[in-house]
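Engineer: predicted coordinates and the sequence they were generated for:
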Amino acid sequence: MPATKEKSNKKRLSDNLISVMDYSETHLEEKETHDLAECVRYKNTPEITWINIDNVPPLSFLSELGLGFDLHPVIMEDIVNPNQRPKIEILDDYIYIVLKMLTPGKTANQPFVSEQVSIVMANKFVITLQQGVKGDAFDHAREWIRKEKTRIRSLGTDYLVYELIDDIVNNYFKVLEDFGERIELLEADLIKNPSQQTLRSIYSLKREILGLRKAIWPLREVVDILERGDSPLIKKSTRIYLRDIYDRVVQAIDTMETYRDMSTGMLDIYLSSLSNRMNSVMKVLTIIATIFMPLTFLAGLYGMNFKYMPGLASPLGFDAMILVMLAVFWGMIIYFKKKGWL
């Protein structure tokens with residue numbers, strides 16, 4: 001059995017970059033590796049260790065990390081499942097958190113990229129595991145760790161987790177800001193020139209807001225449990241910061257709900273605009289038909305095959321009829337304008 005374990009420890013994950021930051025107030029060690037076995041040796045160091053695994057490896061590889069850090073097999077199975085709902089599980093020796101990290105997209109067809117992030121927090125180490133989307137929201141936390149005499153260097157893993165969640169929430173607001181700009185452009189397009197493309201854009205916006213809601217809404221409960229829970233891993237001094245995150249998450253949810261209501265309102269405006277345009281067209285067609293009704297009557301009347309009709313034999317009869325028709329035409333135009341129908 002030991003030989004088998006030693007052999008498995010030598011497996012390297014060429015597609016899975018592992019970054020390690022081992023730090024205290026006076027110490028900082030930073031390295032990158034592809035070997036899970038190198039991470040396990042940081043378990044018992046006196047410093048705080050943050051291990052970030054980009055692109056979660058298969059369970060057969062990841063189980064080695066679970067054995068090294070005494071993580072429950074069910075937790076390991078949850079980590080490799082990319083479709084987890086944001087949640088939190090408080091165990092005796094560590095806390096397991098699942099979040100959705102959102103990154104602003106590069107194209108209109110993909111306004112944001114969603115990536116599952118699993119966080120395992122113990123007394124002396126934090127492990128974050130990402131699904132492999134290029135880039136993340138944690139650069140701010142890394143910069144704070146690299147600086148000396150910062151709060152994060154002097155506090156524990158609970159404050160590190162606060163910083164990581166705070167960075168994720170900051171990205172939520174970046175995505176929401178992009179949504180706000182899109183809504184402004186859609187509103188302008190809706191007023192100036194509503195079209196089928198506008199309708200498709202509105203439906204696309206509503207669908208994307210629904211996806212955004214699924215990512216952000218559960219985070220409120222996660223942060224609330226983390227802040228109000230009785231885990232000894234969360235110090236009282238850190239709970240104040242977690243309460244601030246909770247307030248910001250509520251603000252993000254309120255903004256998102258406002259955008260959802262606005263998208264629904266834009267759909268109603270589009271349908272009303274479409275109905276108004278149809279009514280306008282029908283009004284014009286009705287006015288045209290009404291104007292030509294007496295003209296058609298006069299033309300039909302003098303088109304009957306009677307021998308004796310007033311003015312029929314007169315050389316000025318045709319001219320007189322044209323004048324009568326013009327008088328009727330302009331009379332109705334003036335009447336409709338006075339009524340405000342034209």
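Structural biologist: Good, I have the coordinates. Since we're looking at a predicted model, the values are computed, not measured.
Engineer: state the pLDDT value of residue 68.
Structural biologist: For residue 68, the pLDDT comes out at 85.
Engineer: so what's the closest residue to it other than its chain neighbours up against?
Structural biologist: Distances taken as C-beta to C-beta, 6 or more residues apart in numbering put residue 40 closest to residue 68, at 3.3 Å, once the chain neighbours are dropped. In short, each C-beta sits where N, CA and C put it, glycine included. For residue 40, the contacting residues are 64, 65, 68, 69, by C-beta atoms under 8 Å, 6 or more residues apart in numbering.
Engineer: and the first one, what element?
Structural biologist: When elements are defined using DSSP states H and E, residue 64 is found to belong to helix 59-68.
Engineer: kindly report the same for residue 321.
Structural biologist: helix 317-339.
Engineer: one more: residue 92?
Structural biologist: Counting by DSSP H and E, residue 92 is part of no helix or strand.
Engineer: hmm, residue 227 and residue 165 touching each other?
Structural biologist: No. In this structure residue 165 lies outside contact range of residue 227 using C-beta atoms under 8 Å: 10.7 Å.
Engineer: which SSE is immediately downstream of the helix or strand encompassing residue 115?
Structural biologist: Using DSSP H and E, residue 115 maps to strand 110-121. Per DSSP H and E, strand 110-121 leads on to strand 125-130 as the next helix or strand towards the C-terminus.
Engineer: which other helices and strands does that following strand contact?
Structural biologist: strand 48-53, strand 110-121, helix 157-192 (3 or more C-beta pairs under 8 Å, 6 or more residues apart in numbering; DSSP states H and E).
Engineer: now the ones you listed as JSON lines including distance to residue 136?
Structural biologist: Below are the helices and strands packed on strand 125-130 laid out as JSON lines (distance: least, C-beta to C-beta, whole Å):
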{"stretch": "strand 48-53", "distance to residue 136": "8"}
{"stretch": "strand 110-121", "distance to residue 136": "8"}
{"stretch": "helix 157-192", "distance to residue 136": "8"}
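Engineer: check those for me and report the most buried one.
Structural biologist: Highest mean neighbour count among the helices and strands packed on strand 125-130 (mean count of other C-beta atoms under 10 Å): strand 48-53, with a mean of 24.
Engineer: what's it in contact with?
Structural biologist: 16-24, 39, 42-43, 65, 124-130, 138, 145, 156-157, 160.
Engineer: go again with 7 Å.
Structural biologist: Defining contact as C-beta atoms under 7 Å, 6 or more residues apart in numbering, one finds that strand 48-53 is touched by 16, 18-24, 39, 42, 124-130, 156-157, 160.
Engineer: type out the PyMOL command that picks the buried ones from the residues you listed.
Structural biologist: The PyMOL command for the buried members of the contacts of strand 48-53 (criterion: 16 or more other C-beta atoms under 10 Å) is given here:
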select buried, resi 16+18+19+20+21+22+23+39+42+124+125+126+127+128+129+130+156+157+160
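Engineer: which among the helices and strands packed on strand 125-130 is found nearest to residue 324?
Structural biologist: Comparing the helices and strands packed on strand 125-130 against residue 324 with C-beta to C-beta, the closest turns out to be helix 157-192 (43.9 Å).
Engineer: what angle sits between the next helix-or-strand element following that closest one and strand 110-121?
Structural biologist: Downstream of helix 157-192, the next assigned helix or strand under DSSP H and E is helix 196-228. Using axes from the mean of the first three to the mean of the last three C-alpha atoms, to 10 degrees, the inter-axis angle of helix 196-228 relative to strand 110-121 is 10 degrees.
Engineer: okay, buried residues for helix 196-228 please.
Structural biologist: 198-199, 201-202, 204-205, 208-209, 212, 215-216, 218-220, 222-227.
Engineer: for it, packing partners?
Structural biologist: With contacts defined as 3 or more C-beta pairs under 7 Å, 6 or more residues apart in numbering; DSSP states H and E, helix 196-228 has these neighbours: strand 87-90, strand 95-107, helix 157-192, helix 236-301.
Engineer: and which of the contacts of residue 40 is nearest residue 342?
Structural biologist: The closest of the contacts of residue 40 to residue 342 turns out to be residue 65 (C-beta to C-beta; 77.7 Å).
Engineer: now the buried members of the contacts of residue 40.
Structural biologist: Using 16+ other C-beta under 10 Å, the buried ones in the contacts of residue 40 are 64, 65, 68, 69.
Engineer: nearest residue to residue 79 in space, please, no chain neighbours.
Structural biologist: residue 118 (4.6 Å).
Engineer: confirm for me that the one you found is in contact with residue 80.
Structural biologist: No. Using C-beta atoms under 7 Å, residue 118 is not in contact with residue 80, being 9.1 Å away.
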